[in-house]
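1. pasting the sequence and the predicted model now:
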Amino acid sequence: MRCFFAAWLLSLAAFLSTQSLASPARAAAAPVPALDVQLLTPGTSDVSVAAITSGALDTQFHPFAGGKAAPSAPEETLWFRVRAPQDFKPQGLAVLIGRGGWYEQIEAFPAGTAVSQPLPHATDLREFGGAHDSVFILPGGLAAGQSIYVHVSVKQDGIESLRFSLSTLTATLGHAAVHSRMIALAVGALTAMALGSLLIWFILKDRLFLLYPGMFLLEALYLVYFSGEGFDWPLLWHGRAISAFTWNVPVALSGAMASLFIREIADLRHSSPRVYRVFGALAWVFVALAFSNLAHFIGLGGVVAAIGNLVFVGSAIFTLVVAFLAWRRGNRAAGWFLIAWGMLETFAIVTAVKLLLDRAENAEGLLYYGLPFSMVAAAILVALGVADRLREQRAALSDAERRAQTDPLTGVLNRRSLIERLDAACLRARARALPIALLFIDLDHFKEINDSYGHAAGDACLGAIIAPIQAELRQSDVIGRYGGEEFVVILSSADIAAAHPIAERIRNRVADVRVEGFGAPIQLTCSIGVATSDMLGVWGEHLIAQADAAVYAAKRSGRNRVQVAIARAA
């Protein structure tokens with residue numbers, strides 16, 4: 001778990017560094033006075049722009065402490081009087097910022113003008129949660145006690161806390177550019193990793209590589225819309241028509257994808273079939289939750305939101321527990337997912353709590369640095385988990401292939417694999433006009449060893465001669481078990497002049513072997529038949545047959561010797 005803990009510490013350190021990078025810019029800004037904000041008493045008669053800006057209705061304004069200015073009708077007009085307790089005349093171009101909900105239209109008028117011309121509107125800046133900032137230019141700044149009247153058209157859809165502040169145009173646009181850049185980088189990283197995984201899926205057809213892009217593309221869509229940036233991006237700006245659905249639906253569908261993803265990466269189908277089915281049902285719950293957003297149109301949006309919060313919190317805890325248990329069972333990929341999911345949920349919960357207790361502008365470190373970074377870091381960690389699972393699968397597959405190709409007792413190639421290697425070696429040798437040699441090695445008196453010492457002793461003798469044989473072979477040479485006590489060695493690019501000395505050295509090494517532990521030490525010898533293509537003009541299994549015949553000749557001549565197969569006269 002050391003690598004997992006290191007990844008977590010790295011993520012936390014990176015987040016803290018982004019927090020420290022975000023704070024100096026705000027600390028370096030010039031002091032900005034807090035505004036005195038008053039709200040015109042609802043229901044005031046004879047309200048017109050001229051009457052407001054002339055100051056005739058100033059006595060009808062009362063202190064506005066903030067919070068939701070909830071309209072009494074589906075659409076209502078509110079007037080605010082904004083004043084600065086001291087002069088605000090910065091070096092740059094001064095601006096008034098009015099923050100409202102997505103559907104709130106804001107205009108600002110200076111006081112005391114003969115013709116009620118609104119202040120120049122510089123731009124609208126999107127903010128988290130469907131809010132937006134309307135930025136108005138204050139030519140010459142704002143004098144102490146000077147009034148600015150703000151007209152707000154409020155709809156019930158998208159009502160947010162109405163707030164007003166002062167700044168400079170350069171600082172405001174620069175701040176917004178940093179925010180846009182952070183969101184764009186996070187969304188770009190998530191999209192790039194998701195598309196890369198999707199391309200891999202086209203080749204490997206592994207479900208993980210399909211669920212991974214589905215999960216993080218939806219996370220990217222949630223982030224770009226919840227931050228407000230997506231409403232100004234090409235194609236994505238069409239989401240303005242459905243407002244909050246643009247982030248509520250993607251985050252619910254992302255939960256469905258995550259439910260399907262965890263059951264695959266934790267291999268729950270085999271380890272915990274019941275939990276596997278639970279996550280399948282949970283995925284359908286998230287899909288239903290996504291469609292239940294339509295209940296907003298019949299006034300049940302709050303109920304759906306409460307249910308959704310419970311589902312998200314409960315599923316997050318359940319997922320962490322399942323991932324932890326899967327990791328404890330030895331599933332390293334689930335361990336990577338555990339860290340990623342834990343970090344992502346931690347940032348999501350902290351962000352939600354922060355927004356409940358404080359204003360969004362006081363949580364910019366979390367909104368524009370912590371939350372996007374946690375998504376990208378989670379995507380990277382989950383990708384490492386997927387890669388780790390593929391590594392384990394490849395290792396398991398390699399082990400299965402090795403077991404299928406090797407003799408379990410001696411660890412060398414089995415007969416089928418030996419023949420395949422021989423055929424491939426002969427094809428290469430013939431294509432390059434090179435010779436190939438075979439050594440057919442047969443242990444002497446092996447039946448007597450089994451009868452006298454037992455089959456366990458015979459198995460020990462078979463295993464004992466492998467290392468001495470391999471000590472005389474090159475890296476390109478191959479050894480395999482052909483039968484009970486019979487072994488075949490393939491010597492690539494070797495003629496009779498090279499093969500015969502190798503056979504003699506192997507014979508001598510085997511003769512030096514002593515097998516102990518079964519009574520008196522067992523001394524081994526072997527007979528070796530040598531067959532080469534340059535002398536015989538045959539290939540493949542015909543070479544084996546010639547080498548086998550030479551072994552019988554060696555045994556008839558007294559055993560413990562090397563016999564070369566010679567071509568018979570036609």
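-> Received the coordinates, thanks. Residues are numbered from 1 along each chain as shown.
2. who's in contact with the residue nearest to Gly517 when sequence neighbours are not counted?
-> Closest residue to Gly517 apart from its sequence neighbours, by CB to CB, 6 or more residues apart in numbering: Ala460 at 7.2 Å. (Glycine included, C-beta is placed from N, CA and C.) Residues counted as contacts of Ala460 (CB atoms under 8 Å, 6 or more residues apart in numbering) are Val515, Gly517, Phe518.
3. who wins for neighbours among the residues you listed?
-> Counting neighbours by other CB atoms under 10 Å, Val515 comes out on top of the contacts of Ala460 with 19 neighbours.
4. please name the nearest non-neighbouring residue to it.
-> Ile522 (4.2 Å).
5. ok, the one you found - how many residues close by?
-> 20.
6. what's the answer for Trp201, then?
-> For Trp201, the neighbour count with other CB under 10 Å is 17.
7. that one contacts Leu211, doesn't it?
-> No: contact criterion CB atoms under 8 Å: Trp201 and Leu211 do not qualify, at 9.2 Å.
8. state the distance from Leu427 to Ala189.
-> Going from Leu427 to Ala189 by CB to CB, to the nearest Å gives 48 Å.
9. and the residue nearest to Val515, backbone torsions?
-> Main-chain torsions, Ile522, degrees, to the nearest 10: phi -100, psi 120.
10. buried ones in the host helix or strand of Lys447, by neighbour count?
-> Using DSSP states H and E, Lys447 sits within helix 446-453. For helix 446-453, burial by neighbour count (16 or more other CB atoms under 10 Å) applies to Phe446, Ile449, Asn450, Tyr453.
11. A helix includes Lys555, no?
-> Yes: with DSSP: H, G, I helix; E, B strand; the rest coil as the criterion, Lys555 is located in a helix.
12. now it, nearest residue through space, not along the chain?
-> Of all residues beyond its chain neighbours, the one nearest Lys555 is Ser527 (5.1 Å), with distances taken as CB to CB, 6+ apart.
13. quick one: the host helix or strand of that neighbour to helix 446-453, angle?
-> Ser527 is part of strand 526-532 when elements are defined by DSSP H and E. Counting by axes from the mean of the first three to the mean of the last three CA atoms, to 10 degrees, strand 526-532 lies at 160 degrees to helix 446-453.
14. what about the next helix-or-strand element following strand 526-532, average pLDDT?
-> Next along the chain after strand 526-532, taking DSSP H and E as the criterion, comes helix 533-536. Mean pLDDT, helix 533-536: 90.
15. neighbours around Gln38, how many?
-> Every residue meeting other CB under 10 Å relative to Gln38 is counted, giving 19.
16. pretty sure it is in a helix, no?
-> No: assigned with three-state DSSP, Gln38 falls outside any helix and is strand.
17. contacts only, for it.
-> Counting by CB under 8 Å, 6+ apart, Gln38 touches Phe61, His62, Pro63, Phe64, Phe80, Arg81, Val82, Arg83.
18. just read off the phi/psi values of the closest residue to it other than its chain neighbours.
-> Take Gln38 and drop its neighbours on the chain: the residue closest to it by CB to CB, 6+ apart is Phe61, 3.8 Å away. Backbone torsions for Phe61, taken as degrees, to the nearest 10, come to phi -90, psi 140.
19. Phe61 reaches Leu39, doesn't it?
-> Yes: using CB under 8 Å, Phe61 is in contact with Leu39, at 6.6 Å.
20. which neighbours do those two share?
-> Trp79, Arg81.
21. pull up the gap between Ala50 and Leu142, please.
-> In terms of CB to CB, Ala50 sits 21 Å off from Leu142.
22. which of the two has more residues huddled nearby?
-> Taking neighbours as other CB under 10 Å, Ala50 and Leu142 compare with Leu142 leading, 24 against 12.
23. check contacts around that one.
-> With CB under 8 Å, 6+ apart, Leu142 has these contacts: Ala84, Asp87, Phe88, Lys89, Ala94, Leu96, Ile148, Leu166.
24. narrow the residues you listed to those in strands?
-> Of the contacts of Leu142, the ones assigned to strands by DSSP state E are Ala94, Leu96, Ile148, Leu166.
25. now those residues as a markdown table including pLDDT and neighbour count?
-> Below are the ones in strands among the contacts of Leu142 laid out as a markdown table (pLDDT from 0 to 100; neighbours: other CB atoms under 10 Å):
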| residue | pLDDT | neighbour count |
| --- | --- | --- |
| Ala94 | 92 | 20 |
| Leu96 | 94 | 24 |
| Ile148 | 92 | 23 |
| Leu166 | 92 | 21 |
